[in-house]
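Participant: mind folding the following:
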Amino acid sequence: MEEIDLKELFDFLKSKLYILMLIILTIVTLGCIYSFNIKTPVYKSSATIVLATSDNKDGTEITQNDVSLNQKLVSTYSEIVKSRKVLSSVIASMNLDYTYEQLHKMVSVEAVTNTEIIKVSVTDENALKAQQITNNISAEFAKEITDIYNVKNVKILDYANYSNSPSNVNYIKELIIYILGGTVVGISILFLIFYFDNTIKTVEQVEAKLGLPILGRIPLYSNKKKKGGK
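Facilitator: Now for the predicted structure:
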């Protein structure tokens, strides 16, 4: 592998700085066109569900065993939230134009670490629909748990709110990514041009590549007359 002179590489990159800037500008422009005009914004709405103890009619207090049991049930309940039965019921009740598979991809369930809380989130191109679907899934889930376990230990802690901002759009972050990406692409292209360019441009390169001594050189001659000269 041919050795690369870092100074030559740096001088080459400096001489081609305008090409690098042009590449960065092109990628940033294309990226902004995509972000502003092509990329579809989606909205995320979330609700939180807490696992309480079942109804204690005898007035007994909540024990540590009850809390531990609920924490162990969080992972099971998280799967039930996205089950076909729950989501299909929501599709039917809301008359949604989604299949189960489509809605399943839109729903995410997150167990809050070391708590009895489940966070249910839905992303949709329509912010109001995302809010409504989230709340309906939470309600249907609570109903399904009652039917399955014959206990009422699921309570909706926070209902989903209407989201005003898209969850997949961050123009400042995307602009930085486009600039960094353009810089990497531009430098890579210029590096490849430099690496595969075998032309000799300086006397030093002749001596280094051919191993021959230079006996003389022809200076660059300009036929432009000097000011005040003949």
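
Participant: all contacts plus neighbour counts: C-alpha atoms, from now on.
Facilitator: Will do.

Participant: so residue 100 versus residue 121, what's the distance?
Facilitator: 16 Å (C-alpha to C-alpha, to the nearest Å).

Participant: please disregard the earlier target; I meant residue 31.
Facilitator: 28 Å.

Participant: next: residue 135.
Facilitator: Residue 135 is 9 Å from residue 121, by C-alpha to C-alpha.

Participant: give me the common contacts of these two.
Facilitator: Here residue 135 and residue 121 have residue 47 as joint contacts, going by C-alpha atoms under 8 Å, 6 or more residues apart in numbering.

Participant: ok, back up a step: what about residue 100 and residue 121, which has more around it?
Facilitator: residue 121 (23 against 19; other C-alpha atoms under 10 Å).

Participant: now do the same for that one: helix, strand or coil?
Facilitator: With DSSP: H, G, I helix; E, B strand; the rest coil as the basis, residue 121 sits in strand.

Participant: what's the nearest residue to residue 178 if we skip its chain neighbours?
Facilitator: Of all residues not flanking residue 178 in the chain, residue 28 sits nearest, at 5.2 Å (C-alpha to C-alpha, 6 or more residues apart in numbering).

Participant: identify the residues contacting that neighbour.
Facilitator: Per C-alpha under 8 Å, 6+ apart, neighbours of residue 28: 175, 178, 179, 182.

Participant: can you give me the pLDDT of the second one?
Facilitator: What the model reports as pLDDT for residue 178 is 94.

Participant: for this protein, where's the lowest mean pLDDT among helices and strands?
Facilitator: helix 203-210 (a mean of 64; mean pLDDT, DSSP states H and E).

Participant: pLDDT below threshold where in this structure?
Facilitator: Residue ranges of the chain with pLDDT under 70: 1-3, 5, 52-72, 198-212, 214-230.

Participant: which residues sit in contact with the residue nearest the centre of the chain?
Facilitator: Among the residues of the chain, the one closest to the centroid is residue 168, at 7.6 Å (C-alpha atoms, centre = their mean). Applying C-alpha under 8 Å, 6+ apart to residue 168 gives the contacts 41, 42, 43.

Participant: ok, so of the residues you listed, who is nearest residue 159?
Facilitator: Residue 159 lies nearest to residue 43 out of those, by C-alpha to C-alpha, at 15.7 Å.
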